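Student: just coords:
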Ligand code: PRP
Ligand code: URA
């Protein structure tokens, strides 16, 4: 699992526990996921090599830092939308693309229905957002599409990952760093992560 970084900040551990809890209703689930995603954004950008610039304070000039590349966020619909608010809170000039995928319940293969991403992806740090990395089919498909559109610097950000998904993503796209707040035990026979948190889209949007 050399491509995988676990985000183990205590604030995220606390929030993930609340998100796993089946008693947490959708309104709280959304708010907690947004809050957790702010800390996730800190951790995912922690190692960026910043570009040094000159900044003039009211008193004198000094050195400051700016991001070395533009940042593009790409949530995988639907559940990835739950992470966007926190990321744009701390990276307000990020542009946002969208990739629409859902899993066929029988085959677990991703079915695509929407793609819209900003131009000039080759210059950007592209952060693919999806709370669940299960079989990895959706992540692999989304990243293949982004590479066809020119993306070269991609990170995949999830809340809960299964070993099967991490292996699939690492095999399909070995250049992509994977971040997750937890590496869970395994998938069940229906492709759900154990212990997981259930169907993330349904829990965010109240469609259970
Ligand atoms: C969920 C989740 C991921 C995908 C992960 O989406 O948000 O996109 O499953 O599974 P995989 O790694 O096996 O591809 P889902 O298909 O339930 O669609 P939804 O977000 O629209 O509910
Ligand atoms: N998608 C989800 O929302 N949850 C899982 O456990 C697996 C895939």
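Tutor: Received it, and whenever you're ready, just let me know what you need. Being a predicted model, the structure only gives us computed values, none of them experimental. Ligands and ions are numbered 1, 2, ... in the order given.
Student: what's the burial count for residue 40?
Tutor: Number of residues near residue 40 (other C-beta atoms under 10 Å) recorded here: 29. Just so you know, the C-beta spots here come from the backbone N, C-alpha and C atoms, and that holds for glycine as well.
Student: Just the element for it, please.
Tutor: Using DSSP states H and E, residue 40 falls within helix 26-44.
Student: If we go by neighbour counts, what in that helix is buried?
Tutor: Buried residues in helix 26-44, counted by 16 or more other C-beta atoms under 10 Å: 29-30, 32-41, 43-44.
Student: helix, strand or coil for the residue located most distally from the centre of the chain?
Tutor: What lies farthest from the middle of the chain is residue 59; by C-alpha atoms, centre = their mean that is 40.3 Å. The three-state assignment at residue 59 reads coil, by DSSP: H, G, I helix; E, B strand; the rest coil.
Student: gap between it and residue 1?
Tutor: 49 Å (C-beta to C-beta, to the nearest Å).
Student: swap in residue 151?
Tutor: On the measure of C-beta to C-beta, residue 151 and residue 1 end up 23 Å apart.
Student: Compare these two (neighbour count), which wins?
Tutor: The neighbour count for residue 151 versus residue 1, taken as other C-beta under 10 Å, is higher for residue 151 (23 against 13).
Student: what's the neighbour count on the spatially closest residue to residue 136 that is not a sequence neighbour?
Tutor: Spatially, and ignoring its direct neighbours in sequence, residue 136 is nearest to residue 168 (3.0 Å; C-beta to C-beta, 6 or more residues apart in numbering). Per other C-beta under 10 Å, the neighbour tally for residue 168 reads 18.
Student: And the one 4 residues further on, by the same measure?
Tutor: Residue 172: 15 surrounding residues under other C-beta under 10 Å.
Student: didn't it look like it was pressed against residue 143?
Tutor: Yes. Residue 172 is within contact range of residue 143, at 7.3 Å (criterion: C-beta atoms under 8 Å).
Student: State the distance from whichever residue of the chain sits closest to ligand 1 to residue 208.
Tutor: In the chain, the residue that lies nearest ligand 1 is residue 201 (2.6 Å; C-beta to the nearest ligand atom). Distance of residue 201 to residue 208, given as C-beta to C-beta: 10 Å.
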